[in-house]
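Chemist: sequence and predicted structure are below.
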Amino acid sequence: MRLSQAFGKTLREQPAEVEMASHGLMLRAGLISKLASGIYSYMPLGWRSVRKIQDVMRKEMDNIGGQEINMPVVNPGDIWKESGRWYEIGPEMARFKDRTGRDMCLAMTHEEPVTDLARRFIDSYRQLPCMVYHIQTKFRDEPRARGGLVRVREFTMKDAYSFHRDQADLDRYYPEVCKAYERICKTCGVPVVKVLSDVGMMGGSMAHEFIYVTDSGEDTLILCPQCGYAANREVATFTKTPAEDPGPAGQTQKPVEKVHTPGRDTIAAVTEYLGVSPALSIKTMAYFTQDDNRLVMALIRGDLDINERKLANFVGTSEVRLASPEELEAHGLVQGFMSPVGVDNVKVVVDDSISPEYSYVAGANEQDYHFINVVPGRDFPMESVGDIAAAREGDLCPVCNAPLVQARGIEVGNTFMLGTRYSKSMDANFQDEDGTLKPLVMGCYGMGVGRLLACVVEENRDEKGIIWPITVAPYHVHLLSLGAASQVLEVAESLYEQLGQLGVEVLYDDRDESAGVKFNDADLLGMPIRVTVSKRSLENGGVEVKLRAEKESMIVRLDEFEDTILGLIKQEFARFSPEN
RNA sequence: CGGGGAGUGGCGCAGUUUGGUAGCGCGCAUGGUUUGGGACCAUGAGGCCGCAGGUUCAAAUCCUGUCUCCCCGACCA
């Protein structure tokens, strides 16, 4: 491609909207262009990379037995009603009616259409296991787009769906997909960690996310540097050390006593005032459930925090929302002085950090008063006990007890063990060896193409621009000529032709621009190999060859040019091979 | 949806406080001089200042409404 003819151009200045490095570089290099919030066009250079990323995905999916299909973006509402998600999903799903008044929607993911395919075409255990995938547009009317391609409303996703006879077969297959995901990211030059995650709107039993760790990410991770335990904070667990001071023996025999605690409406204030450890107090938080608007009291040891995701999952709702002071008042509760003691008709969920062996300080449900000697089980019900605690940096690893660290990252892909969530609701059955009809056991595996591209750029760059991994670079070689001397132009033209005949992808800067402009654009665009033809290089015996990722350049004689370039390309591909 | 910020040629911005009908840099076009790290000279094209209403002799500027975009949260590939 001749740069003089290329559609699009580079920008010298960073657009004002930019917050993330990769976003700025993609805009400045002319890879993408924004149409509306969270809706982008790909320009020629960006699209070449997208297609390469898609091909990497295809290769790895094919490798584990996947078959590529293509399912529609526009779906009839019927199948989404069958699965129930028509009613579960909020305004992030775009819905409309066709001309006959039939409910339609834009698919945000493709479990429903693929399950429909499965029930039509899978009849027998002999056809299992199998996996299909497609690379298709999704539309999610996200509350807020951000970070360029990191979080958009219209995006391309590679989503794969596997079908199995039983959970055991899914258990066997699932790690293969995880391995393929790691290979895809390695090939694209994006390091990822696999973390345990929440199943979210997909449903199912187990899920992982593949996360590119970066401070500009929007997910929070809990990692163990010692044993490799890794989880999204939403589901991360940790070892809860017992409270150090259980108090004087026989404490749990004492009756509850009300004490005056004027203005002490936080755990820190009240425990300091009463001279007890926060670990011997009970923090009570009141939430409303999203689905049925029930009031739930969540209890946790005073030195720990509630994880709202875990709480929502525990009580079986899609979300919980902190009750407002007005709502608390309406239920006879006082913020800062709450507890379940003496409160009826409210669901109480207790974190397993709270022990019936100890007695605690808790709110007295009266302004400026707390109770002491509160014994769990005796003074309030311990019926719903579970893990609803938020893991924090410094908490102990649930596997090896080393201190955990917190990090941020971008979710590039995810994998879900769906089980029979969709096959049961949509009646996708097969006949097993013993003649019985059974629901298909499913897995689903998503990976964002544009988001992966954003991560590629975020990871592979310097202050000058992008440093493409050759595997997904728009072109392998950036050829540029300096000056208007006829000999220079002739050599550059002939090299362009020669490389083209060898099948090398070349971006040829044939513009009549100054050296500074050409070099700076080459650095910004970031092709892995740069070839400079100039009067000076020819006087030195050839052309200058430089890797974008390296500082030094070398002069290559014209009769050695071909071998040198082909060798460099091979070497660069090897760097990103998942085999290495 | 809650909180914060911004809309002025393609991009980055000034002008708004103190109303007088729009300016700078980059980019673009033409001609010329240049060519190893964002060159220079000359000439030129391009904006009813997001939109609607109002105040006023007069509005980019003041008032009201509205739309869009960005950032922080709640959601996800």
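Modeler: Ah, there it is.
Chemist: which strand in chain A has the most residues?
Modeler: strand A:405-419 (DSSP state E).
Chemist: is that one anywhere near RNA strand B?
Modeler: Yes - using Cβ under 7 Å from any atom of the strand, strand A:405-419 reaches RNA strand B at A:Glu411, A:Val412, A:Gly413, A:Asn414. For every residue, glycine as well, the C-beta is placed using N, CA and C.
Chemist: ok, now which ones touch the third one?
Modeler: Listed by Cβ atoms under 8 Å, 6 or more residues apart in numbering, the contact set of A:Gly413 reads A:Tyr181, A:Ile184, A:Cys185, A:Val192, A:Glu209, A:Phe210, A:Tyr445, A:Gly446, A:Met447, A:Gly448, A:Leu452.
Chemist: next one: A:Glu154
Modeler: By Cβ under 8 Å, 6+ apart, the residues touching A:Glu154 are A:Gly38, A:Ile39, A:Tyr40, A:Thr137, A:Lys138, A:Phe139.
Chemist: who does it bridge with?
Modeler: Taking DSSP bridges as the rule, A:Glu154 bridges to A:Phe139.
Chemist: which residues in the stretch 151-300 of chain A form helices?
Modeler: Along the stretch 151-300 of chain A, counting by DSSP state H, counting those that start in this stretch, helices occupy A:167-187, A:267-274.
Chemist: counting contacts, what elements does the first one pack onto?
Modeler: In other words, helix A:167-187. helix A:44-63, strand A:154-164, strand A:193-196, strand A:206-213, strand A:405-419, strand A:441-448 (3 or more Cβ pairs under 8 Å, 6 or more residues apart in numbering; DSSP states H and E).
Chemist: any idea which of those gets closest to A:Arg378?
Modeler: Closest to A:Arg378 of these, according to Cβ to Cβ: strand A:193-196, at 35.5 Å.
Chemist: list the contacts of that closest one.
Modeler: Applying Cβ under 8 Å, 6+ apart, the set of residues contacting strand A:193-196 from outside is A:178, A:181-182, A:206-211, A:213, A:221, A:223, A:230-232, A:235-236, A:409.
Chemist: 7 Å instead?
Modeler: With Cβ atoms under 7 Å, 6 or more residues apart in numbering as the test, strand A:193-196 has contacts from A:Cys178, A:His208, A:Glu209, A:Phe210, A:Ile211, A:Val213, A:Leu221, A:Ala230, A:Ala231, A:Asn232, A:Val235.
Chemist: need the helices and strands packed on helix A:167-187 in a markdown table (columns: mean pLDDT).
Modeler: Below are the helices and strands packed on helix A:167-187 laid out as a markdown table (pLDDT from 0 to 100):
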| stretch | mean pLDDT |
| --- | --- |
| helix A:44-63 | 97 |
| strand A:154-164 | 97 |
| strand A:193-196 | 94 |
| strand A:206-213 | 93 |
| strand A:405-419 | 93 |
| strand A:441-448 | 96 |
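Chemist: so which of the ones you listed is nearest A:Phe7?
Modeler: The closest of those to A:Phe7 is helix A:44-63. By Cβ to Cβ, the value is 5.4 Å.
Chemist: quick one: is the closest one near RNA strand B?
Modeler: No - using Cβ under 7 Å from any atom of the strand, helix A:44-63 never reaches RNA strand B; the gap is at least 11.6 Å.
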